[in-house]
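# Any chance you can model this:
(one chain, ligands or ions: 3)
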Amino acid sequence: MIHVAGAIDEQSRCRHYHEEVDIVAIKFKCCDTYYGCYFCHEEAAGHTPEVWLKEEWDTKAILCGNCNAELTINEYLTSHYRCPLCHVPFNPGCANHNHLYFE
Ligand SMILES: [Zn+2]
Ligand SMILES: [Zn+2]
Ligand SMILES: [Zn+2]
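Residues are numbered from 1 along each chain as shown. Ligands and ions are numbered 1, 2, ... in the order given. Model prediction:
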């Protein structure tokens, strides 16, 4: 069961990040819910976000907005910014924010 919160379009874009390539949603550990980005969580969740610890990176916590596949954090971080299943490009700029989501 996939829980998605906050306002995202049908390809997981939110109002903070809405370029063509901004199509992943990220599941937050604290609430087991997908959000379009860190700001979406901040606005909607009402609690402090928790990052995923390294030993939890086998958890499926990335949602591809193109094919709706759930990727593990490891799969996402080694994907070279392409979905391993549908090969759609992800935004490489997201790497600048990895520390907000992952240990
Ligand atoms: Zn949360
Ligand atoms: Zn957002
Ligand atoms: Zn995909």
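
# ok, residue 12 touching residue 62?
No - judged on CB atoms under 8 Å, residue 12 makes no contact with residue 62 at a distance of 9.7 Å. Placement of C-beta: from N, CA and C, glycine included.

# list the residues that contact both of those two?
24, 25 (CB atoms under 8 Å, 6 or more residues apart in numbering).

# Which residues are in contact with the most centrally placed residue in the chain?
For the chain, the residue nearest the mean C-alpha position is residue 26 (2.2 Å; CA atoms, centre = their mean). By CB under 8 Å, 6+ apart, residue 26 lies in contact with 34, 35, 37, 61, 62, 63, 101.

# rerun that using 10 Å as the cut-off
Residue 26 makes contact with 12, 33-38, 40-41, 49, 52, 61-63, 73, 76, 94, 97-98, 100-102, according to CB atoms under 10 Å, 6 or more residues apart in numbering.

# One more: residue 23?
Under the criterion of CB under 10 Å, 6+ apart, the neighbours of residue 23 are 8-13, 17, 36, 63-67, 83, 86, 88-91.

# returning to what we had before: in helices, which of the contacts of residue 26 appear?
Within the contacts of residue 26, residues falling in helices by DSSP state H are 38, 40, 41, 73, 76, 98, 100, 101.

# Report pLDDT for the third one.
Reported pLDDT at residue 41 in the predicted model: 96.

# filter the contacts of residue 23 to the buried ones?
8, 11-13, 17, 36, 63-66, 83, 88, 90-91 (16 or more other CB atoms under 10 Å).

# coming back round to it: just the ones of the contacts of residue 23 in strands?
63, 64 (DSSP state E).

# so how many other residues sit close to residue 84?
The number of residues packed near residue 84 is 14, by other CB atoms under 10 Å.

# you'd agree it is up against residue 69?
Yes - counting by CB atoms under 10 Å, residue 69 is a contact partner of residue 84 at 8.3 Å.
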